[in-house]
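*Asks:* Okay, sequence plus prediction incoming.
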Amino acid sequence: MRPNIHLMKAILTGALGGLLFGFDTVVIAGAIEALVKLYDLSPHQEGFTVGIGLIGTVVGALGAGTVGQKMGGREALRFTAVLYFISAVGCGLAWNWPAFLIFRFVGGVGIGASSVLGPVYIAELAPAKWRGRLVSIFQFNVVLGILVAYISNYGIRLLHLGAAEWRWQVGVAAFPAIAFLALLYGIPRSPRWSASKDRIDEALAVLKMMGEPDPKAELADIRMALKQENASAHESVFRWKYRYPLFLAISIGAFNQLAGINSILYYLNSIFSAAGFSQVSGDQQAIAIGATNFVFAMVGMSLIDKIGRKTLLLVGAAGTATCLAGVAWLFATNSHPGALVWLLVVYIAFFSMSQGAVIWVYIGEVFPTSVRSKGQGVGSASHWIMNAVLQMAFPVVVHAMNKGTPFAFFAAMTVVQFVVVLFTYPETKGQTLEALQRRLVPGD
């Protein structure tokens with residue numbers, strides 16, 4: 001079986017939330033210095049300006065699972081599109097710092113919710129053989145959104161819009177938000193969600209539309225899994241029998257951020273500025289970083305179902321630890337600034353093909369259907385809570401200590417990640433969601 005046009009349309013639409021996710025999270029990199037100057041922000045306030053959006057993502061991630069299970073992933077994704085639009089317009093028209101914070105928080109809620117809903121929707125549509133590659137399209141769109149944000153920041157900078165420059169940088173996301181909302185009215189509900197609501201004919205029709213080779217057998221497998229879970233359909237995900245999936249989801253979410261990825265992406269212009277690059281030159285280097293992110297996300301997508309999730313995580317942890325240690329050394333010795341770009345490019349390559357490609361696929365695989373959205377919310381919340389803490393602390397630590405200190409910390413954390421993944425993470429490639437449920441939740 002190969003993905004047909006109906007399946008790919010649904011997958012690409014669901015994954016479009018990832019593009020907005022990537023764009024909205026890092027577009028602040030181009031605007032933050034202007035905001036610091038405009039509102040005379042301290043290092044703590046600078047960190048809070050970046051971090052407030054991430055606090056919103058935690059709220060969105062924690063709430064999205066319950067909302068998604070009640071109303072369906074497709075309908076919930078429509079709500080996130082509206083939040084993206086409100087945030088973009090509001091940030092662009094913000095009349096003071098508190099107003100900017102409010103609208104950035106709203107966008108964060110949309111980001112957090114889509115980081116849960118998008119991968120779950122795709123995972124529940126995709127056949128097992130293609131699930132890794134199809135779910136990783138969401139992450140592919142995230143890195144595409146990051147690249148588009150850096151290009152957008154650079155392009156707007158070249159227009160010399162003066163005081164309005166940062167407003168255009170953060171406000172332009174309103175246009176893809178409208179497109180996302182419109183496209184969400186042309187895709188079906190998840191067959192697993194439909195079956196969970198006893199809409200059997202609807203679920204079967206969607207499976208046939210998606211090109212499932214034996215839709216009746218697949219539906220029977222889904223219904224059997226749902227029947228086994230029926231007695232605990234409304235249970236909390238925080239139960240002892242789910243301890244292993246919870247550990248996997250929470251740890252991979254935290255390690256993703258402890259590798260330093262978003263600290264680098266959000267403060268990229270400031271990092272290059274600290275190394276002596278000009279503002280325009282920093283924007284150009286940011287595009288190089290974003291392009292590397294984009295290319296190696298595709299490499300990760302091509303490998304995830306071949307060599308597996310665990311192998312990619314191990315290779316990525318080893319590579320990113322080495323590069324981060326190199327960056328820490330550059331800042332500690334204040335030497336070889338030209339090497340900074342190359343170290344960050346290689347770091348991004350290792351991260352994108354490993355953790356970047358794996359995280360959302362992996363979290364979406366390890367929980368049973370009855371709590372999958374809730375479990376995805378827990379893993380995503382772990383990711384975003386750690387993200388918020390690190391981004392609020394980053395400028396404060398850099399201001400108070402050596403600029404290399406955060407990078408030394410990130411390098412140490414990726415070493416810890418390597419050890420944890422090596423000894424505790426299972427491989428999930430090529431297995432149906434129902435088979436993984438039986439493996440990871442014994443006796444369920």
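*Replies:* Thanks, I have it.
*Asks:* Would you agree residue 152 is in contact with residue 175?
*Replies:* No: under the criterion of CB atoms under 8 Å, residue 152 makes no contact with residue 175, lying 10.5 Å away. Where you see a C-beta, it was placed from the backbone N, CA and C, and this is true even at glycine.
*Asks:* Looks like residue 36 contacts residue 47 (just checking).
*Replies:* No: the pair residue 36 / residue 47 is not scored as a contact, 10.7 Å apart, by CB under 8 Å.
*Asks:* Which of these two has more residues huddled nearby?
*Replies:* residue 47 (26 against 17; other CB atoms under 10 Å).
*Asks:* Closest to the centroid, which residue in this protein?
*Replies:* Note on the chain: the residue nearest the mean C-alpha position is residue 115, at 5.6 Å, using CA atoms, centre = their mean.
*Asks:* Quick one: residues contacting that residue.
*Replies:* With CB atoms under 8 Å, 6 or more residues apart in numbering as the criterion, the residues that contact residue 115 are 21, 57, 60-61, 64, 360, 380, 383-384.
*Asks:* before we move on, which element is it in?
*Replies:* Using DSSP states H and E, the element containing residue 115 is helix 97-125.
*Asks:* what comes up buried for that helix?
*Replies:* 97, 100-101, 103-125 (16 or more other CB atoms under 10 Å).
*Asks:* Then stretch 151-166?
*Replies:* Applying a neighbour-count criterion of 16+ other CB under 10 Å, the buried positions in stretch 151-166 are 152-154, 156-157, 165-166.
*Asks:* Find the pair from those residues with maximum spatial separation.
*Replies:* Farthest-apart pair in these is 154 and 166; separation 13.5 Å (CB to CB).
*Asks:* Give me the common contacts of those two.
*Replies:* Here residue 154 and residue 166 share the contacting residues residue 30, scored by CB under 8 Å, 6+ apart.
*Asks:* on that earlier part again, give me the subset of the contacts of residue 115 lying in helices.
*Replies:* For the contacts of residue 115, membership in helices holds for 21, 57, 60-61, 64, 360, 380, 383-384, with DSSP state H as the criterion.
*Asks:* Next, format the residues you listed as TSV and append neighbour count, pLDDT and distance to residue 138.
*Replies:* Written out in TSV, the entries for those read as follows (neighbours: other CB atoms under 10 Å; pLDDT from 0 to 100; distance: CB to CB, whole Å):
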residue	neighbour count	pLDDT	distance to residue 138
21	28	83	8
57	30	83	15
60	30	87	15
61	29	78	14
64	31	82	14
360	31	75	6
380	32	78	12
383	28	85	14
384	27	79	15
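*Asks:* Could you list the low-confidence segments of this structure?
*Replies:* 1-3, 228-235, 269, 272-282, 443-444 (pLDDT under 70).
*Asks:* measure residue 24 to residue 108 for me?
*Replies:* As for residue 24, its distance to residue 108 is 8 Å (criterion: CB to CB, to the nearest Å).
*Asks:* Likewise for residue 403?
*Replies:* To residue 108, residue 403 is 27 Å away according to CB to CB.
*Asks:* cool, residue 181 as well?
*Replies:* When distances are taken as CB to CB, residue 181 and residue 108 turn out to be 18 Å apart.
*Asks:* swap in residue 316?
*Replies:* Using CB to CB, one obtains 26 Å as the distance from residue 316 to residue 108.
*Asks:* cool, residue 318 as well?
*Replies:* Using CB to CB, one obtains 32 Å as the distance from residue 318 to residue 108.
*Asks:* again, but for residue 364
*Replies:* Distance, residue 364 to residue 108, by CB to CB: 21 Å.
*Asks:* For whichever strand or helix holds residue 204, which helices and strands make contact with it?
*Replies:* Counting by DSSP H and E, the element that carries residue 204 is helix 200-209. Under the contact criterion of 3 or more CB pairs under 8 Å, 6 or more residues apart in numbering; DSSP states H and E, helix 200-209 touches helix 191-196, helix 215-229.
*Asks:* in that helix, what's buried?
*Replies:* Using 16+ other CB under 10 Å as the test for burial, helix 200-209 gives 202-204, 206-207, 209.
*Asks:* related to what we said a few turns ago, I'd like the helices and strands packed on helix 200-209 written out as JSON lines, with mean neighbour count and distance to residue 267 added.
*Replies:* What follows is these, written out as JSON lines (neighbours: other CB atoms under 10 Å; distance: least, CB to CB, whole Å):
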{"stretch": "helix 191-196", "mean neighbour count": "24", "distance to residue 267": "39"}
{"stretch": "helix 215-229", "mean neighbour count": "16", "distance to residue 267": "43"}
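*Asks:* okay if I get those helices as CSV plus distance to residue 415?
*Replies:* Output for those, formatted as CSV (distance: least, CB to CB, whole Å):
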stretch, distance to residue 415
helix 191-196, 38
helix 215-229, 38
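*Asks:* Tell me which of those helices sits nearest to residue 431.
*Replies:* It's helix 215-229; of these, that one is closest to residue 431 (CB to CB) at 12.7 Å.
*Asks:* Run the angle between the helix or strand following the closest one and helix 97-125 for me.
*Replies:* Using DSSP H and E, the next helix or strand after helix 215-229 towards the C-terminus is helix 243-258. Following axes from the mean of the first three to the mean of the last three CA atoms, to 10 degrees, one obtains 130 degrees for the angle between helix 243-258 and helix 97-125.
*Asks:* Pull the number of nearby residues for residue 432.
*Replies:* The number of residues packed around residue 432, counting by other CB under 10 Å, is 17.
*Asks:* my guess is it contacts residue 225, does it?
*Replies:* No: between residue 432 and residue 225 there is no contact under CB under 8 Å: 9.3 Å.
*Asks:* Grab the longest helix from this protein for me.
*Replies:* Per DSSP H, the chain has its longest helix at helix 128-158.
*Asks:* hang on, isn't residue 209 packed against residue 191?
*Replies:* No: applying CB under 8 Å, one finds residue 209 not in contact with residue 191, separated by 9.2 Å.
*Asks:* After the helix or strand hosting residue 49, which helix or strand is next?
*Replies:* Residue 49 is part of helix 43-71 when elements are defined by DSSP H and E. Beyond helix 43-71 on the C-terminal side, the first helix or strand identified by DSSP H and E is helix 73-92.
*Asks:* That following helix - contacts with which helices or strands?
*Replies:* With contacts defined as 3+ CB pairs under 8 Å, 6+ apart, the secondary structure elements packing on helix 73-92 are helix 5-26, helix 43-71, helix 97-125, helix 165-171, helix 174-183.
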